[in-house]
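S.K.: structure for this input, please:
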Amino acid sequence: MLSSLLREAEERVDASEKSLELRVTEMTEQYDAAARDLLRESNESVQKAYEEETRLEGDLKALNSAMNRFEASAVRYLQHVDRFVDEVKELGDLDNWVACIEKDVREGCRIFSLLESRQREVSLKGRGDVDEGK
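M.R.: Prediction:
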């Protein structure tokens, strides 16, 4: 009887141990599957982040290149504007110079006109004296 109780107890212990081993095996498999899934998802996230970073770096390089081209264009544009302003100033100076020359020429014409009329008067007066002396 004791031996049968001992045998039953050993069988229950063996059954419990087998059940426990089975549960440990199942839990280990579930843990391994969960770890693989987590690792796969983590790798996918890291891969996506890397690809996005690479794309952003490319976009940044393109933007930097476009910014450099724009800056060069802006510098050239400002140089053209400066030259244009200088030319307009020169035109203003030329216009002013032409106006001064015009004024001087008019004044000269007026003086010549006065001298010419004075010369006619003197010339006519001189003839009158000559004609009177005859």
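S.K.: so who does residue 122 touch?
M.R.: Going by CB atoms under 8 Å, 6 or more residues apart in numbering, residue 122 touches no other residue. Where you see a C-beta, it was placed from the backbone N, CA and C, and this is true even at glycine.
S.K.: do the same with residue 82
M.R.: Applying CB under 8 Å, 6+ apart to residue 82 gives no contacts.
S.K.: mean confidence for the helix or strand that it is a member of?
M.R.: Using DSSP states H and E, residue 82 falls within helix 2-132. Mean pLDDT, helix 2-132: 90.
S.K.: centre of the chain to that helix, how far?
M.R.: Between the centre of helix 2-132 and the centre of its chain there are 1 Å (CA atoms, centre = their mean, to the nearest Å).
S.K.: cool, stretch 1-16 as well?
M.R.: With CA atoms, centre = their mean, you get 86 Å for stretch 1-16.
S.K.: extract the C-alpha set from that stretch and format it as PDB.
M.R.: Extracted in PDB, the C-alpha atoms of stretch 1-16 (Å, rounded to 0.1, in the frame of the first residue of the first chain):
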ATOM      1  CA  MET A   1       0.000   0.000   0.000                       C
ATOM      2  CA  LEU A   2       2.700   2.400   0.900                       C
ATOM      3  CA  SER A   3       4.500   1.400  -2.200                       C
ATOM      4  CA  SER A   4       1.400   2.100  -4.300                       C
ATOM      5  CA  LEU A   5       1.000   5.500  -2.600                       C
ATOM      6  CA  LEU A   6       4.600   6.200  -3.300                       C
ATOM      7  CA  ARG A   7       4.200   5.200  -6.900                       C
ATOM      8  CA  GLU A   8       1.100   7.300  -7.300                       C
ATOM      9  CA  ALA A   9       2.900  10.300  -5.800                       C
ATOM     10  CA  GLU A  10       5.900   9.700  -8.100                       C
ATOM     11  CA  GLU A  11       3.500   9.500 -11.100                       C
ATOM     12  CA  ARG A  12       1.800  12.700 -10.000                       C
ATOM     13  CA  VAL A  13       5.200  14.400  -9.600                       C
ATOM     14  CA  ASP A  14       6.300  13.000 -13.000                       C
ATOM     15  CA  ALA A  15       3.100  14.300 -14.500                       C
ATOM     16  CA  SER A  16       3.500  17.700 -12.900                       C
END
